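>>> here is a sequence with its predicted model. Questions after.
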Amino acid sequence: MGPINPWKLTGYKAGQNVKCTVVNSEPGGYAVSIQSGKEFLPAFLPTQLSLRAGEEVLAQYIRVQDHRILLSPLFNNTSPSMKTSTHVPVRWEEHLDEIDRPMGEAQIYNNYEIDKVQTVPAPQQQQAGPVPIQLPSSAPPQAPAPPRTSVPMPMQVAHAVQLEAEAAFNVWAEAVQPRKFHLRRAIDLILPPIDVESLNTFKMEDHELEWLIIDLEGGMRTGCVKASSESRLSRSAMLLFRGRVVGCIYGCKTLKDTQPTKESLDLMLADLALPDTDVKMYDLPEDVTLAMSALFLGYPVQRNDDFDSRAYVDYICDWFENRKQTACLAVTLSDKRGTCLGFIYEGGYCGAFYVEDQIFRVDKEFIYELLTNDPQASVEASILPPEMTSSVVRFGYSLSMANKSKR
């Protein structure tokens, strides 16, 4: 299938249900196609479900970038029987009533008829004039209502596009399966400052939460904020990319398990509103930050290979390089001896972080040395779709919106 004709995407909105057909498997999911008239549009569906070529499944449209559409699975791998290698087809026709529900923010775009907005107006839109309003003769005279145009005004277009970009991320984030971090201090997963001069420490009693949010969002900061609250016996950390939250971890003695990113962010903001909360804030490189965000907002690659750990790292890194993918490798050493994260940005290796010793190294030999010394180590990969960091998606959670929702 060749490049997508943008006119074929007229009417697709973030969160819209679409039927697709499986073409072939890829790491982390399946290449699929969406029939549009006589054409078949290429798309990718990240899922751990076991599917077969030619099978039809239902998914949600997110966005298109470059040459294919990114979809979100409507049915996640939650059934124990689906976690085996046995093929269990999803009969999506039986769930049509269940999934035909309001799409929240995505429905706002109908007010702007965003599905009819084109870069160049269609001929019929240029020629069409206002429709005369016919009033009954008995009706009192009144000013005619302004005609509704199919192309919004520039400010409306900008607002609608912004909402669409926000909704595209929200649809994706809701489908992401949260990872469980089995570490005593899960916030240590986010590496310490590489540039120590960027480190800033303070207590929240000296600042307002609104000030911190304005500083992070307005400054479009890329890095990390770590917080610890003595009153709540909690520790938390948020990962930021250009002022938006792309990962968050919250740990507390009253919580047995780590929470997903969105829930962790809400809990962390509550702690940051307390005067006794200690805060550390520092910058991180953008390539490392985006690669690490795949741990929180990426999709996992399900393994069904026979590679040992070293061979798998070579295989998956070659695949990332060829596809220019951004991803994070999680190397778990045997006998609970430690965890190492490897960062890949647009296909290029950009460093590794050994969590237990809080060491960051840019050379790939560091991971190879760990795997050589521990052949039983396990390796998992999480991929961040390139669509998430494109101009058509506002990647990450808004701090100001998350803070407003708590009030």
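Thanks, I have the structure now.
>>> which residues are in contact with the spatially most central residue of the chain?
Central residue of the chain (C-alpha atoms, centre = their mean): L297, 4.3 Å from the mean position. By C-beta atoms under 8 Å, 6 or more residues apart in numbering, the contact set of L297 is W172, A173, V176, V246, G247, T261, L384, M388, F395, G396. C-beta coordinates here come from the backbone N, C-alpha and C atoms, glycine included.
>>> ignoring the adjacent residues along the chain, who's closest to the fourth one?
When the adjacent residues along the chain are set aside, V246 lies closest to S293, with 3.8 Å between them (C-beta to C-beta, 6 or more residues apart in numbering).
>>> helix, strand, or coil at the one you found?
Following DSSP: H, G, I helix; E, B strand; the rest coil, the label given to S293 is helix.
>>> confidence score at it?
Listed pLDDT for S293 reads 96.
>>> that one reaches V245, doesn't it?
No. S293 lies out of contact with V245 (C-beta atoms under 8 Å); the separation is 9.4 Å.
>>> quick one: common contacting residues for these two?
Counting by C-beta under 8 Å, 6+ apart, the contacts common to S293 and V245 are L239, G396.
>>> avg pLDDT for whichever strand or helix holds L341?
Element membership for L341 (DSSP states H and E) is strand 339-345. Taken as a whole, strand 339-345 carries a mean pLDDT of 96.
>>> doesn't T201 fall inside a helix?
No. With three-state DSSP as the criterion, T201 is located in strand rather than a helix.
>>> thinking again about what came up before, what's in contact with the strand holding L341?
Residues beyond strand 339-345 that count as contacts (C-beta under 8 Å, 6+ apart) turn out to be 183, 189, 191, 287-288, 290-292, 295, 313, 317, 320, 325-333, 349-356, 366-367, 370.
>>> list the buried residues of that strand.
T339, C340, L341, G342, F343, I344, Y345 (16 or more other C-beta atoms under 10 Å).
>>> in its sheet, what does that strand sit against?
Under the criterion DSSP bridges, strand 339-345 sits next to strand 326-332 (antiparallel), strand 348-354 (antiparallel) in its sheet.
>>> could you chop the protein up by domain?
Segmentation of the chain into domains, based on automatic domain parsing, reads 6-102, 186-290+396-405, 299-384.
>>> any idea how far the longest one is from the chain center?
When C-alpha coordinates are averaged (C-alpha atoms, centre = their mean, to the nearest Å), domain 186-290+396-405 and its chain have centres 18 Å apart.
>>> wait, what's in contact with the closest residue to F40 other than its chain neighbours?
Nearest non-adjacent residue to F40, counting by C-beta to C-beta, 6+ apart: S33, 4.1 Å away. By C-beta under 8 Å, 6+ apart, S33 lies in contact with M1, C20, T21, V23, F40, L41, P42, A43.
>>> state the pair within the buried residues of strand 339-345 that is farthest apart.
Within the buried residues of strand 339-345, T339 and Y345 form the most distant pair, 19.9 Å apart (C-beta to C-beta).
>>> show me where the stretch 301-407 of the chain has helices.
Counting by DSSP state H, counting those that start in this stretch, one finds helices in the stretch 301-407 of the chain at the ranges 309-323, 365-373, 399-405.
>>> could you pull up the mean pLDDT of the last one?
Confidence over helix 399-405 (mean pLDDT, whole number) is 87.
>>> what is it packed up against?
Counting contacts by 3 or more C-beta pairs under 8 Å, 6 or more residues apart in numbering; DSSP states H and E, helix 399-405 is packed against helix 209-218, strand 244-252, helix 261-272.
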